[in-house]
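A.B. asks: Following is a predicted model, sequence given first.
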Amino acid sequence: MHPRGRTSGRVGAVLGVLALAAATSAAPTVLRLTPPSNLFRFGNPNLPVVSRFIAGQRFDLQATIAPDEGQTITGARFLVDGVEVSGPVTLTPATVNGLPVNTTIATLRAYASESYGVHDLTVEATQSDGAVISATGNFEIVELNFGKGRAKNVIVLIGDGLGIAHRTAARIMAHGASQGKVNGALAMDRMPYTSSVITHSLNSIVTDSSPGSSCYSSGNKANNNQHGVFPDDTTAVFDNPRVELMGEFLHRTQGTALGIVTTSDIFDATPAAWATHTQSRSAGTGICDQYLDDANATGLRVLMGGGRKWHLPNTERGSQRSANNDYILPEELHTAWGIAPGVIDPERDLIADYEAAGWTYVADNTELSEVGPDAKKLLGLFTLSNMNVALDKIDGRRGNSNVVDDYGFPDQPMLDEMTVKALEVLSQNPSGFVLMVEAASIDKQAHNMDSERWLLDTLEFDRAVDRCLQFAEANPKTLVIVTADHECAGINIIGGSRVTDADLEVRANSGGGAGQLRNGVVGTYESAGFPRYSLDADGYPVTTNIDYRMLIGYAANADRYEDWRTNPLPLRDSQQPFNNEPPLNQYPNGPLNRDTAGNFLVTGQIADPVAAHTASDILQSAAGRGASRFTGVMDNTDTFFLIMDAVVRN
């Protein structure tokens, strides 16, 4: 059963102006009312309620108000169902370009309601001539079921960009099929409950990772590039109206701990959406400062991935700390939310500050494996920026490649190894935990249209899923969710190669274009056959350059050269501090600078340099305590409420 909510019959006026402006002046108007609503935006009470919260979940109220020409806004108040909300309302200038003169933002921080159902939210603002401007929107407080058998632990595994075809391709690579029957299942295939998730963001049918992850952590839509906040009309990156995240709410009310594990730079959108708040996913210095400075508010106890560059003083080589993406919060924000005010400190040694706060810091897999049971808080930063992908880490461990050496970090852990250690640390908390595990480069390598690299990252992700399912079996009060923030690249399996790898290698160097690498190679329907990969003892393919290999196509593709064989080097990663220095500057720079010897140009359907996200629904799987609710077709924000329905104690 999905969480219940009651529908309101109230219809508020979307824009009520109680004083008429002169014909030559701009009409006074409320330009924005937060939380976002279709009632305010379109004046239609029959459209879905956009902003939903659970009882007691905190969020900011805000309105952007443009007064009549020559007037100023002198005061404002917020009303819920006609009753004034208590608390200070701060008036600040709007700073976004293009707004009328004297446009003002009214904000009331950290509001919460315990009353279930749909509620009208009204702002009333007074301008300097005494005229009153008002507008009304709505929001909903969703009623939870509070049944027996509450979950204690929540594990959300996000395959960034993971669509249905990614799963299918990984299953074929790992297990193959015989006469139409698959020879084995992925760990995520074995999860008993499945749903289809709609992934739209607040401002587009196609989401990026910030709102795609934030919808799960907050239960609310956000604009692309933003997480943990609603949009506003200032240029400041960290002052947006906030919504309380899952980890923050559960830590504040139930004492749960929070863990975040990723293969990306930890400042990246998907992990950051579980513990930080910003309108700019690229503001790495401030995002990484928030992790530590607000750990008492979020309950953060485990943080692992790449991203050492944000933790080194800006005087050290490799650091990318900058005053330009750091922050000092408005007083009313940090006071109302009870968080650190922030400071502009690019010279900060953030690793040293973690250690001073009692965190155990590890820099490689060897150190990670040596972390003992006494570690209460764990920070792992294994590379300067994004970690290397599974294919290159595995080849490094096998001695087949120098990619991890070129990056300078040959001893990186696999995602499942990080996950196991995170579970060991978090399970010490008697009040339970929330753990988010992200396989980041499924998305990053799908953008690059590097098929074998995202395929092995999907296998790596599935190994982490398996470890979490094992934990849930041993700890039955655990809910495990496998999901994605969006689909990336419009991936599908178009068939199989009709030639051996030796033949394909010759064709890849022939310059023959489509005549050599398409017409004589791509097998569709029965010509695709059943590609068969062999797994090594480490659980990954002995080689991905097999005879009669699986062939992957891309619907949201950029221009690329294609030869179907495994690329010996990944594309250059612009987030790496030493991207423009040897040896990394010798790596191919984009899909048009790779696989060119075969001269098979696949023209893209988009003008971008790499493939793009799509609006396709994604598959979501669930197991453990409370998993039976995760069925059918649902909005991405529904996942938050279903999780909270399983874990929140009455």
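C.D. replies: Okay, I see it.
A.B. asks: what's the residue most central in space within the chain in contact with, if anything?
C.D. replies: Central residue of the chain (Cα atoms, centre = their mean): residue 270, 2.4 Å from the mean position. Neighbouring residues of residue 270 by Cβ atoms under 8 Å, 6 or more residues apart in numbering: 158, 160, 209, 212-213, 262, 264, 438, 440, 485. For glycine as for every other residue, the C-beta is placed from the backbone atoms N, C-alpha and C.
A.B. asks: now it, what's its secondary structure?
C.D. replies: Using DSSP: H, G, I helix; E, B strand; the rest coil, the secondary structure recorded for residue 270 is helix.
A.B. asks: Skipping its backbone neighbours, what lies nearest it in space?
C.D. replies: Leaving out its chain neighbours, the residue that sits closest to residue 270 by Cβ to Cβ, 6 or more residues apart in numbering is residue 213, at 4.3 Å.
A.B. asks: before we move on, what SS does that neighbour have?
C.D. replies: Following three-state DSSP, we place residue 213 in the helix state.
A.B. asks: And for it, the neighbour number?
C.D. replies: Using other Cβ atoms under 10 Å, residue 213 has 32 neighbouring residues.
A.B. asks: Let the chain start at 141 from now.
C.D. replies: Let's use 141 as the start, then, which means that last one is residue 353.
A.B. asks: Tell me if I'm right that it and residue 409 touch.
C.D. replies: Yes - judged on Cβ atoms under 8 Å, residue 353 makes contact with residue 409 at a distance of 6.2 Å.
A.B. asks: Can you pull the residues that touch both of those two?
C.D. replies: Joint contacts of residue 353 and residue 409 (Cβ under 8 Å, 6+ apart) are residue 367.
A.B. asks: Which positions within the longest helix anywhere in the chain qualify as buried?
C.D. replies: If you go by DSSP state H, the chain has its longest helix at helix 591-614. For helix 591-614, burial by neighbour count (16 or more other Cβ atoms under 10 Å) applies to 591-609, 611-612.
A.B. asks: before we move on, back to that, got the contact list for the residue nearest to residue 410?
C.D. replies: Residue 353 touches 298, 367, 409-411, 413-414, 625, counting by Cβ under 8 Å, 6+ apart.
A.B. asks: Do a quick rundown of the helices in the stretch 391-540 of the chain.
C.D. replies: 409-412, 424-433, 435-438, 471-477, 490-496, 505-509, 530-538 (DSSP state H, counting those that start in this stretch).
A.B. asks: tell me what the fourth one is packed against?
C.D. replies: Helix 471-477 is packed against strand 244-251, with contacts defined by 3 or more Cβ pairs under 8 Å, 6 or more residues apart in numbering; DSSP states H and E.
A.B. asks: Starting from the strand it packs on, tell me the next helix or strand along the chain.
C.D. replies: Per DSSP states H and E, the first helix or strand lying C-terminal to strand 244-251 is strand 257-267.
A.B. asks: Now find how far off-centre the next helix or strand after that next one is within its chain.
C.D. replies: Tracing the chain C-terminally past strand 257-267 and defining elements by DSSP H and E, one meets strand 272-282 next. Centre-to-centre, strand 272-282 and its host chain are 28 Å apart (Cα atoms, centre = their mean, to the nearest Å).
A.B. asks: can you tell me the average pLDDT over strand 272-282?
C.D. replies: Average pLDDT, strand 272-282: 97.
A.B. asks: Would you give the sheet partners of that strand, along with the direction of each?
C.D. replies: Here strand 272-282 has these sheet partners by DSSP bridges: strand 155-157 (antiparallel), strand 192-194 (parallel), strand 257-267 (antiparallel).
A.B. asks: Could you tell me the per-residue confidence at residue 790?
C.D. replies: The model's pLDDT for residue 790 equals 76.
A.B. asks: I figured it hits residue 288, correct?
C.D. replies: No - taking Cβ under 8 Å as the definition, residue 790 is not a contact partner of residue 288, at 10.7 Å.
A.B. asks: Looking at those two, which one has more neighbours?
C.D. replies: More crowded of residue 790 and residue 288, by other Cβ under 10 Å: residue 790, with 8 against 5.
A.B. asks: Pull the number of nearby residues for the residue lying closest to that one once chain neighbours are set aside.
C.D. replies: Using Cβ to Cβ, 6+ apart and skipping the chain neighbours, the partner closest in space to residue 790 is residue 286 (4.2 Å). If you count neighbours by other Cβ under 10 Å, residue 286 ends up with 10.
A.B. asks: do the same with residue 235
C.D. replies: 14.
A.B. asks: ditto for the one 3 residues further on
C.D. replies: Residue 238 is surrounded by 7 other residues when neighbours are defined as other Cβ under 10 Å.
A.B. asks: Assign it to helix, strand or coil.
C.D. replies: Residue 238 ends up coil, using three-state DSSP.
A.B. asks: how about it, what does it touch?
C.D. replies: Counting by Cβ under 8 Å, 6+ apart, residue 238 has no contacts.
A.B. asks: quick one: strands adjacent to the stretch of helix or strand residue 763 belongs to?
C.D. replies: Taking DSSP H and E as the definition, residue 763 sits inside strand 758-764. Its sheet considered, strand 758-764 pairs with strand 333-338 (antiparallel), strand 618-623 (antiparallel) by DSSP bridges.
A.B. asks: Can you say which of the ones you listed is packed in most?
C.D. replies: Mean neighbours per residue, mean count of other Cβ atoms under 10 Å, is largest over those for strand 618-623, with a mean of 26.
A.B. asks: Could I get the CA-only coordinates of stretch 264-274 as CSV?
C.D. replies: Extracted C-alpha coordinates of stretch 264-274, given in CSV (Å, rounded to 0.1, in the frame of the first residue of the first chain):
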residue,chain,number,x,y,z
GLU,A,264,0.6,38.4,1.8
ALA,A,265,3.1,41.2,1.2
THR,A,266,2.7,44.9,1.9
GLN,A,267,4.4,47.5,-0.2
SER,A,268,5.4,51.0,0.8
ASP,A,269,2.1,52.7,-0.1
GLY,A,270,0.2,50.2,2.1
ALA,A,271,-1.1,48.1,-0.8
VAL,A,272,-1.2,44.3,-0.1
ILE,A,273,-0.2,41.7,-2.7
SER,A,274,-1.2,38.0,-2.2
